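Enquirer: The following comprises the amino acid sequence and a computationally predicted model.
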Amino acid sequence: MDPRLKKYAVQDVPRYTSYPTAVQFRGDFSHDTWKGWLAELPEDATLSVYVHIPFCAKMCWYCGCHTSVPNTYDRAERYVERLLREIEMTAPLVPGPKGRVTHFHFGGGTPTYLKEAHLASIVEKVRDLFGFAEGAEIAVEMDPRGFTPEKAKALADMGFNRGSFGVQDFNPRVQQLINRIQPYDIVARCVEDLRAAGIEAVNFDLIYGLPGQTVESVRETGRMAAGLAPDRIAVFGYAHVPWFKKHQKMIRDEDLPGIEERYEQALAMGEALCGNGYRVIGLDHYAREGDTMIEALDNGTLRRNFQGYTVDPADALLGFGTSAISSMPQGFAQSSRDMAKWATAIDEGRLTIDRGVEYTPEDLMRAEIIEKLMCFLRARPEEIAQRHGFAPETLAEAWDKLEPLEADGLCRIENGEVIVPDDRRLFVRTVASAFDAYYQPQPNRHAKAV
Ligand code: SF4
């Protein structure tokens, strides 16, 4: 690793799945503001819907998601009842005709933890109250463990047309250390079952930086994953935050790779995927030639949202379930992350939103620069500022912050364009942070850059 890069690799920087980031969400966000945002949505606005299912059958030690392992299924059943009521309470507040949902995404947790009838009831509720647009993408995150051909068929019958498997790593020792045993054959069979059921679009999630991983084991996982030919692969760096996620204490510090090793693992994964038919997208996504995400990268329509990179062009994203974030033309709003508070709000007939942030005009300008950098590794900040009605001096501080980054090779500036070289894409968040007016480089506030 180039010694100049090390100090940036260990720095905590936002993932920029939103700007302003969740750290800027405020607790004094009122329901009247939220209702006003919904009422102001144009009647022809396209919609994206996200539903959060915060349950899993078993806890993986590396997990950083908002989830839990319920003692009995009753908890999940009661959650679904409330979720349906939450959707019913929100739908009448959205003006305009039905049939405008272009993307519908189930995340978690493990959405397929739910019994099929419960999953289907949620899909039906969204179909009834919002309605899907022609050709809408209906996607679900899945756990390969316990996945069956019957489940695949049931998902296809419900209308799902994209499935995302949490694969993480194929090495048996690593799987043991992270409490997630799912041999390669099981994953291979899941992909087969899903495609046989008619769900052709398949995503994988992989992770580097896990306990027990080596550069070679990560490379091997990359090769094996590519051999199963999922359409898209997202690769994340493991974030070890045991003071925040208590179950991560099950991972011993001495089993974790150091920062230089993490960097080499990230590079090795990229090489394995790009050497086996994939193209890299932005910071950490890979897709096969012909995939719509590659098209979006090439034609400049790629976007970034809470699910990472997306081709979702919707005007508004509505989130349902505890901790779900909605993204509106006016800003972001989040449902209570505390399950008890979320449930009480619904039982009392109140909306569940309990924090959010409204864009300022300057936020919108900075958000566009940051999103362009994150998606395309390049942006013309002054052109964007001008388009948003801001003088070039508004970005004076950002240019100052870029100076040392350019000197250390993280980016270059050519005729007003900021460019992150291909071999520095792992540091694009650091370059983007120069345009983040709120960013304070504090430890343990965000994920490590690498
Ligand atoms: S299955 Fe996914 S969400 Fe559930 S514990 Fe494991 S990593 Fe977390």
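Expert: Looks like it came in fine. Keep in mind it's a predicted model, so treat the numbers as computed, not measured.

Enquirer: can you list the domain ranges for the chain.
Expert: Structural domains annotated on the chain: 15-320, 361-439, as defined by automatic domain parsing.

Enquirer: Span of the shortest one from start to end?
Expert: Taking Cα to Cα, to the nearest Å, the span from the opening residue of domain 361-439 to its closing residue is 18 Å.

Enquirer: before we move on, what about the longest one?
Expert: The straight-line separation of the ends of domain 15-320 (Cα to Cα) is 22 Å.

Enquirer: Is any residue of that domain near the ligand?
Expert: Yes: judged by Cβ under 6 Å from any ligand atom, domain 15-320 comes into contact with the ligand at 56, 59-60, 63, 65, 67, 108-110, 143, 166. The way it works is simple: take the backbone N, C-alpha and C, and place the C-beta from them, glycine included.

Enquirer: centre of the chain versus that domain, how much separation?
Expert: 7 Å (Cα atoms, centre = their mean, to the nearest Å).

Enquirer: Same check on stretch 421-435?
Expert: 18 Å.

Enquirer: Can you tell me, leaving aside adjacent residues, what's nearest to residue 19?
Expert: In space, and not counting its chain neighbours, residue 19 is closest to residue 367: 4.0 Å by Cβ to Cβ, 6 or more residues apart in numbering.

Enquirer: I meant residue 341, not that one.
Expert: residue 354 is the one closest to residue 341 (Cβ to Cβ, 6+ apart), at 6.9 Å.

Enquirer: For the one you found, which three-state class applies?
Expert: Secondary structure for residue 354, judged by DSSP: H, G, I helix; E, B strand; the rest coil, is strand.

Enquirer: just the strands in the stretch 251-400 of the chain please.
Expert: 278-281, 285-288, 303-305, 308-310, 316-320, 325-328, 331-335, 353-358, 378-379 (DSSP state E, counting those that start in this stretch).

Enquirer: and the last one, average pLDDT?
Expert: Read that as strand 378-379. Per-residue pLDDT over strand 378-379 has a mean of 98.

Enquirer: What strands flank that strand, and is each parallel or antiparallel?
Expert: Strand pairing for strand 378-379, determined by DSSP bridges: strand 417-419 (antiparallel).

Enquirer: Do you know the pLDDT at residue 306?
Expert: For residue 306, the predicted pLDDT is 89.

Enquirer: Kindly list the main-chain dihedrals of it?
Expert: phi -60, psi -20 (degrees, to the nearest 10).

Enquirer: show me the residues around the residue nearest in space to the middle of the chain that make contact.
Expert: The residue lying closest to the centre of the chain (Cα atoms, centre = their mean) is residue 307, at 2.5 Å. Shown in contact with residue 307 (Cβ atoms under 8 Å, 6 or more residues apart in numbering): 17, 50, 105, 107.

Enquirer: In strands, which of these appear?
Expert: 50, 105, 107 (DSSP state E).

Enquirer: Neighbours of the nearest residue to the first one once chain neighbours are set aside, how many?
Expert: Among residues not flanking residue 50 along the chain, residue 319 sits closest, at 4.6 Å (Cβ to Cβ, 6+ apart). Here the number of neighbours of residue 319 (other Cβ atoms under 10 Å) works out to 26.

Enquirer: need the contact list for the residue nearest to residue 341.
Expert: 27, 29, 334-336, 341, 345 are the contacts of residue 354 under Cβ under 8 Å, 6+ apart.

Enquirer: what pLDDT does it get?
Expert: Reading off the model, residue 354 has pLDDT 94.

Enquirer: So, low pLDDT: which residues of the stretch 251-400 of the chain?
Expert: For the stretch 251-400 of the chain, no stretch has pLDDT under 70.

Enquirer: By proximity to the ligand, which residue of it wins?
Expert: Proximity of the stretch 251-400 of the chain to the ligand (Cβ to the nearest ligand atom) peaks at residue 323, 12.2 Å away.

Enquirer: List the contacts of that residue.
Expert: 52, 54, 66, 334-337.

Enquirer: Generate a PyMOL selection restricted to the buried subset of the residues you listed.
Expert: Buried members of these, defined by 16 or more other Cβ atoms under 10 Å, are picked up in PyMOL with:
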select buried, resi 52+54+66+334+335+336
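
Enquirer: Could you identify the most distant pair in the contacts of residue 323?
Expert: 54 and 334 (13.7 Å; Cβ to Cβ).

Enquirer: Residue 292: neighbour count?
Expert: 15.

Enquirer: ok, the closest residue to it other than its chain neighbours - contacts?
Expert: Nearest residue to residue 292, sequence neighbours excluded (Cβ to Cβ, 6+ apart): residue 311, at 5.0 Å. Residues near residue 311 by Cβ under 8 Å, 6+ apart: 292-293, 295-296, 301-303.

Enquirer: Please enumerate residues in contact with stretch 125-139?
Expert: 46-47, 49, 51, 84, 87-88, 91, 94, 97-106, 123, 158-164, 201, 203, 312.

Enquirer: Pull out the buried residues from it.
Expert: 125-127, 129-130, 132-133, 136-139.

Enquirer: which of those lies closest to residue 238?
Expert: residue 139 (23.6 Å).

Enquirer: Name the helix or strand for the closest one, please.
Expert: Element membership of residue 139, judged by DSSP states H and E, is strand 132-142.

Enquirer: Mind giving me the packing neighbours of the strand or helix carrying residue 219?
Expert: Using DSSP H and E, residue 219 sits within helix 215-227. Judged by 3 or more Cβ pairs under 8 Å, 6 or more residues apart in numbering; DSSP states H and E, helix 215-227 is in contact with strand 201-208, helix 259-274.
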